[in-house]
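Chemist: for reference, the sequence and a predicted model appear below.
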Amino acid sequence: NAGVTQTPKFQVLKTGQSMTLQCAQDMNHEYMSWYRQDPGMGLRLIHYSVGAGITDQGEVPNGYNVSRSTTEDFPLRLLSAAPSQTSVYFCASSYAGRNEQYFGPGTRLTVT
Amino acid sequence: AQSVTQPDIHITVSEGASLELRCNYSYGATPYLFWYVQSPGQGLQLLLKYFSGDTLVQGIKGFEAEFKRSQSSFNLRKPSVHWSDAAEYFCAVVRGQNFVFGPGTRLSVLP
């Protein structure tokens, strides 16, 4: 099993550009989530999904969109990147939200 | 609001010394508690978890943690630290169906 995979590993965007961060898991997990990690703030939940076709907002959803068309994939979209979105982004999955979460390797995003 | 605090931003210990990382949470019921470790440039790896039962839980890499309801704490311990333990450590609690993470404690290990 590959576990949770994320692409790209690094990305530099200019303000106003859009992009999609990819996340996939091969463990048949129902729950998937996106976090951003900023120094001194731990991981903050952006969006999550409890199954295909179901998504919901987390603590810091503004500026981000998600969709969940399949169990395996949970892409995160930045529609108009801003410097405040410079961060490291982690995708995670689990059997259910309160169970152990498995994390991807992260995407380091810089917005200039 | 539910929160998780890790009072120590950065801790430095000598190799072979004992370690305790503190975690406090605010929550109204018996929480689901986790400790994760993040090595530089890597994702997060689960060290251990507490759901119920024995309040002293054992994890991987020789780590253990103790749940103390009276103190709302879930401190992580290791009797003898190895240089490879240098990393950032995150405590987390489940709120509803989501995780709430603490700000993390960075551990440095002196040779």
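Modeler: Nice, thanks for sending it over. Nothing here was measured: the structure is a model prediction, and the numbers come from that model.
Chemist: what sits against residue 50?
Modeler: Using chain A. Residue A:50 is in contact with A:30-31, A:56, A:96-97, B:97, counting by CB atoms under 8 Å, 6 or more residues apart in numbering or on different chains. C-betas here are computed from N, CA, C, even on glycine.
Chemist: let's do chain B instead
Modeler: So residue B:50 contacts B:32-34, B:57, B:65, B:67, B:74 (CB under 8 Å, 6+ apart).
Chemist: mind picking the two most distant members of those residues?
Modeler: B:32 and B:65 (12.9 Å; CB to CB).
Chemist: the more surrounded of these two?
Modeler: The neighbour comparison of residue B:32 against residue B:65 (other CB atoms under 10 Å in any protein chain shown) goes to residue B:65, with 26 against 19.
Chemist: that one reaches residue B:75, doesn't it?
Modeler: Yes: using CB atoms under 8 Å, residue B:65 is in contact with residue B:75, at 6.3 Å.
Chemist: what's the neighbour count on residue B:83?
Modeler: Neighbour count of residue B:83, defined by other CB under 10 Å: 11.
Chemist: revised request: answer the last question for residue B:55.
Modeler: 12.
Chemist: got the contact list for it?
Modeler: Counted by CB under 8 Å, 6+ apart, residue B:55 has contacts B:66-69.
Chemist: now residue A:55
Modeler: By CB under 8 Å, 6+ apart, the contact set of residue A:55 is A:47-49, A:66-68.
Chemist: any chance of these in TSV, plus neighbour count?
Modeler: Listed next are those as TSV, based on neighbours: other CB atoms under 10 Å in any protein chain shown:
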residue	neighbour count
A:47	23
A:48	24
A:49	21
A:66	23
A:67	16
A:68	20
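Chemist: between these, which is closest to chain B?
Modeler: Among those, residue A:48 lies closest to chain B (CB to the nearest CB), at 6.1 Å.
Chemist: right, and that closest one touches residue B:98 too?
Modeler: Yes: the criterion here is CB under 8 Å, and residue A:48 meets it with residue B:98 at 6.1 Å.
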